[in-house]
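In: make a model of this:
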Amino acid sequence: MKYFLILFFVSASSAALAQQSGEVKITKFKPPTVKTFLGSHKNGDSVLPGEAAQLLTMPLKIQDDKKTEYEIDSYQFLYRKRGVFENEDNGKKEISSTISSARFFATPLTKIWIDNVGNNLKKDEQLYYFDIVVKDKQGRKFNAPEIKITVL
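Out: Here you go, the predicted structure:
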């Protein structure tokens, strides 16, 4: 009798799991082709320091061919800062870079990032927005292209 009950519960559990997995429908979603803009700029553009500082205050825009805008769910921002250091071996000044980065859930950047980055921009530094996740009107999430702006 014990074996019969164990066998009954195991087979009933298996049947319930099989029914549940059969009910799950996975709909294929082909995300639209979109472009990423910061102001009127796109990936690979170069701007003067003053304009770069202004761009930091602007929201990211994600649009498709029909100019439909998509809501931003999250993104990462990286600031590649150029610096100079003295090489201890030969005493010469050399150029290096450091990065500051964070994930954001709203655009534009927060005031502290705008102030800290915008007040220090120099030639050859970069503003890099990447890992951009957007939502369509049905709430489906997908990735948008990155955008990197270089300071002239």
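In: could you pull out the helices for this protein?
Out: With helices called from DSSP state H, the chain shows them at 2-23, 49-55, 111-118.
In: pick out the shakiest of these, pLDDT-wise.
Out: When those are compared by mean pLDDT, helix 2-23 comes last with a mean of 54.
In: so how far is stretch 38-56 off the chain centroid?
Out: 17 Å (Cα atoms, centre = their mean, to the nearest Å).
In: next one: stretch 86-99
Out: The answer for stretch 86-99 is 31 Å, by Cα atoms, centre = their mean.
In: ok, now stretch 141-152?
Out: Counting by Cα atoms, centre = their mean, stretch 141-152 comes out at 8 Å from the chain centroid.
In: may I have it exported as PDB, CA atoms only?
Out: Extracted in PDB, the C-alpha atoms of stretch 141-152 (Å, rounded to 0.1, in the frame of the first residue of the first chain):
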ATOM      1  CA  LYS A 141      12.500  45.400 -22.900                       C
ATOM      2  CA  PHE A 142      15.300  45.400 -25.400                       C
ATOM      3  CA  ASN A 143      18.700  46.900 -25.800                       C
ATOM      4  CA  ALA A 144      19.400  50.100 -27.700                       C
ATOM      5  CA  PRO A 145      22.800  51.000 -29.300                       C
ATOM      6  CA  GLU A 146      25.500  52.700 -27.300                       C
ATOM      7  CA  ILE A 147      26.600  56.300 -27.800                       C
ATOM      8  CA  LYS A 148      30.100  57.600 -27.300                       C
ATOM      9  CA  ILE A 149      30.800  61.400 -27.600                       C
ATOM     10  CA  THR A 150      34.500  62.600 -27.600                       C
ATOM     11  CA  VAL A 151      35.500  66.100 -26.500                       C
ATOM     12  CA  LEU A 152      37.500  68.100 -29.000                       C
END
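In: name the residues that touch that stretch?
Out: Stretch 141-152 has contacts (Cβ atoms under 8 Å, 6 or more residues apart in numbering) with 29, 31, 34-38, 41-49, 52, 55, 60, 62, 70, 73, 121-136. C-beta: built from backbone N, CA, C; applies to glycine.
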